[in-house]
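**Q** Fold the stuff below for me.
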Amino acid sequence: MLDAHPRNTVQNLIFMGCNRALCISVLFVTFDLFGSQHALETITGTQFIADDENGSLVSSDGNFKLGFFSPAKSQARYVGIWFNKISEQTVVWVANRETPIRNSSGIFKIGGDGNLAVFCFNQSSPLWSTNVSVPAQTSAAKLLNSGNLVLVAKETIMWQSFDYPTDTLLAGMKFGCNRKTGLNRILTSWKSIDDPMPGEFSSGFDPHGIPQIFLYKNSVPRWRSGIWNGRILNGMLDVGSHKDYLSDQIDFVNVTFVSKDNEIYIKFAPKNVDVFSIVVLESMGFLNRLIWHESQRWVKVQVTPEDMCDEYMRCGTNAICNEDAFPHCACLPGFERLYPQDWYLKCQETRKEGCGKGDGEGFVRLEGVKFPDARNSILYSNMSLEECERECLKSCNCTGYANVYVDEMGRDCIAWYGELRDTRHFKSGQDFYLRVGAVELAADAQKNTKVHVKFAATKSTLVFIIVPLVVETLLAALCFYYFWRRNAKRNKGKKKQQRRQMLLFDSERSLSNYRVSSNANSSASESGNIEITFFELNTVIAATENFSSANKLGRGGFGPVFKVINYFLFVLKFLIWELWRDNKAPEIVDSCISNLCPVHDEVLRCIQVGLLCVQDDARDRPTMSTVVFMLCNEATLACPKQSTFSFRRRNAPESSAKGTNCSANEVTITTLNAR
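**A** Residues are numbered from 1 along each chain as shown. Have a look, this model is predicted:
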């Protein structure tokens, strides 16, 4: 009887002394079959893959390859599946992970019972087998484009590698359990990077209560995912939140969660078929999502556990963990530390009177929370939050409730019964309603009042900062427009003269301490009979920064023209005061701002508070706490007085020489010499 190995078949034919033509024909057929084993897509009962001939099975699109490999520095041989088109060999599934082959004599084929199996050469018992009931001589194996190895008999999938993952989840693979068949698809880490034997870490769904994914170390919970909230698992970051290497791949996967009577699973699919993404349970116990980057390396976009508070039951029962606080653990409202001197937080209820927490009990809202362990919870379908609250109050053992879905309020709710475990603050978390007594309700109400004041202060601060930036230019233009209209009404026939007088009037009022004019002219200005005002030369020098070329606008027929922008703010402040004094600010704001954004009242209040803050006398200026109170409440504000809105100039000393013009301050002294 001929040996089954192709190389031995050739030798036997030669030794039989067959004629030359027959030998050539047999050799041609044999080597054709042998060569095809290097790149097969399907194997049947008459085909196999031999390790010493570097045989392999490749998916039709070329993305995945099945064959023999040795991990890292190990010399042992295994049958596995890996990515075929990337430079770094990444094994995603291993067949004989518990029974390695110590040499290159391995064969992967369909055995006599129709099952896929791994054999050592010249051994009849397989090292690994699919071990399912298959009609003999009718099965075939194929590596699909998804990376799924399937065993098919009579067009029915009898077995698939996706149902028996090792340490890696591929796109399209169901991760979960089938309650009807008992099949549980879990991940098990490698023992080390050199050894694919099952390690001490595993991950899978716990079907008790509301389904959650757990990460275990030797069967002890190490991390918990939280429940599905309609978009993501409540205790996990959104994949799209990482933008370091993935600016063009944000939100690159679609995640599907299914929870039915017979089946619970979650799976993902990349939105871009050219993107390779996997979830791997590493030998060190981290559950990571990786993406193959164009820089020819795997990039981590999710790492679980992420921080200290991700550790299961880090803070004990009825406590909450906050990574951004110190200490990180604190008892929930209504609970206190059992042993204050104990380093490990143990929380007990402060009191319990009869059913629940006594008269006046209710619920406080904890914002941004990873829900407690849901294995002692009940899901109520088609129940609003108000109905869920009433349902919770019916039971003495109900400790809290929450809305299940993050995007659909009131669709379903979940209620917890008994101790609350593994709760943490989480930036992607949701609101949780904790059952407390009357004392905690009162404390929470006071706390919320403070938070409201703080929020209002923040909002008012934003109004103080953002609104002036947005409307400053508009307000300045409106101020000039207002004065133009006021002067235009006085004398419609002298528009050109009135405009000129208005500009001079504005400058003269805002720069009054620099003006040199007679008392009569000043009185006339106040009464509306405005005469042309002249400015001192040193005033013009100060305004133009000594006729700086940086302030030069151009040159006209009468000489160069300079800007005096340094004094614009003083003019603007004065105009705002004029508008407030004449009760024109509401009219201007109402006509031009209310149509742009809903900050009409806030702008008026900010203007009034701002004028109070620039009073000349410190006793008239409010403190910062008073300013916050003014902005956060509807209290009546004091009427501001007119401020100077200008630089003050010291009078020249009596000993100064006549005819000397100078301006003085604490920094410099500038003297004007005649040419």
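
**Q** tell me the domain ranges of the protein?
**A** According to the TED database, the chain comprises the domains 33-164, 165-306, 347-446, 583-640.

**Q** Now the top strand by length along the chain: buried residues?
**A** Using DSSP state E, we find that the single longest strand of the chain is strand 195-206. By 16 or more other C-beta atoms under 10 Å, the buried positions in strand 195-206 come out as Asp195, Pro196, Met197, Gly199, Phe201, Ser202, Ser203, Gly204, Phe205, Asp206. Backbone N, C-alpha and C define where each C-beta goes, glycine included.

**Q** One more: stretch 134-143?
**A** Residues of stretch 134-143 classed as buried: Val134, Ser139, Ala140, Ala141, Lys142, Leu143 (neighbour count, 16+ other C-beta under 10 Å).

**Q** Next, format these as TSV and append pLDDT.
**A** Below are the buried residues of stretch 134-143 laid out as TSV (pLDDT from 0 to 100):
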residue	pLDDT
Val134	87
Ser139	89
Ala140	93
Ala141	94
Lys142	95
Leu143	96
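
**Q** burial measure for the residue nearest to Gly67 when sequence neighbours are not counted, as a count.
**A** Ranked by C-beta to C-beta, 6 or more residues apart in numbering and with sequence neighbours excluded, the top spatial neighbour of Gly67 is Ser56, at 3.8 Å. Ser56: 17 surrounding residues under other C-beta atoms under 10 Å.

**Q** pretty sure Ser56 is touching Phe48, no?
**A** No: counting by C-beta atoms under 8 Å, Phe48 is not a contact partner of Ser56; they are 11.7 Å apart.

**Q** possible to save the buried residues of stretch 134-143 as JSON lines with secondary structure?
**A** Listed next are the buried residues of stretch 134-143 as JSON lines, based on DSSP: H, G, I helix; E, B strand; the rest coil:
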{"residue": "Val134", "secondary structure": "coil"}
{"residue": "Ser139", "secondary structure": "strand"}
{"residue": "Ala140", "secondary structure": "strand"}
{"residue": "Ala141", "secondary structure": "strand"}
{"residue": "Lys142", "secondary structure": "strand"}
{"residue": "Leu143", "secondary structure": "strand"}
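
**Q** which one of these sits closest to Cys177?
**A** For the buried residues of stretch 134-143, the residue nearest Cys177 by C-beta to C-beta is Val134; the value is 23.8 Å.

**Q** Just give the strands next to the longest strand of the chain in its sheet, each with its orientation.
**A** Using DSSP bridges, the strands paired with strand 195-206 in its sheet are strand 187-192 (antiparallel), strand 212-217 (antiparallel).

**Q** Check for me that Ala445 belongs to a helix.
**A** Yes: counting by three-state DSSP, Ala445 is located in a helix.

**Q** picking up where we left off before, format the strands paired with strand 195-206 as TSV; extra columns: distance to Val436.
**A** Formatted as TSV, the strands paired with strand 195-206 follow (distance: least, C-beta to C-beta, whole Å):
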stretch	distance to Val436
strand 187-192	39
strand 212-217	25
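
**Q** Look at Arg619 and tell me its secondary structure.
**A** Three-state call for Arg619 (three-state DSSP): helix.

**Q** Phe83 contacts Trp93, doesn't it?
**A** No: applying C-beta under 8 Å as the test, Phe83 and Trp93 come out as separate, 11.2 Å apart.

**Q** The two: who's more crowded?
**A** Taking neighbours as other C-beta under 10 Å, Phe83 and Trp93 compare with Trp93 leading, 24 against 19.

**Q** Need the three-state assignment for that one.
**A** Here Trp93 is recorded as strand under three-state DSSP.

**Q** so how far is Gly80 from it?
**A** 6 Å (C-beta to C-beta, to the nearest Å).

**Q** Report the contact partners of Ser129.
**A** Counting by C-beta atoms under 8 Å, 6 or more residues apart in numbering, Ser129 touches Gly111, Asn115, Leu116, Ala117, Val118.

**Q** need the residues you listed in TSV with distance to Glu306, secondary structure and neighbour count, can you?
**A** Listed next are the contacts of Ser129 as TSV, based on distance: C-beta to C-beta, whole Å; DSSP: H, G, I helix; E, B strand; the rest coil; neighbours: other C-beta atoms under 10 Å:
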residue	distance to Glu306	secondary structure	neighbour count
Gly111	45	coil	19
Asn115	42	coil	22
Leu116	39	strand	27
Ala117	41	strand	23
Val118	38	strand	24
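
**Q** and Val627, what element?
**A** Val627 belongs to helix 624-632 when assigned by DSSP states H and E.

**Q** Could you provide the buried residues of stretch 134-143 in a markdown table, with additional columns for distance to Phe276?
**A** Below are those laid out as a markdown table (distance: C-beta to C-beta, whole Å):
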| residue | distance to Phe276 |
| --- | --- |
| Val134 | 32 |
| Ser139 | 30 |
| Ala140 | 27 |
| Ala141 | 23 |
| Lys142 | 21 |
| Leu143 | 16 |
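
**Q** which one of those sits closest to Lys267?
**A** Nearest to Lys267 among those is Leu143, at 19.3 Å by C-beta to C-beta.

**Q** Run through the bridge partners of that closest one.
**A** Here Leu143, judged by DSSP bridges, has bridge partners Leu149.
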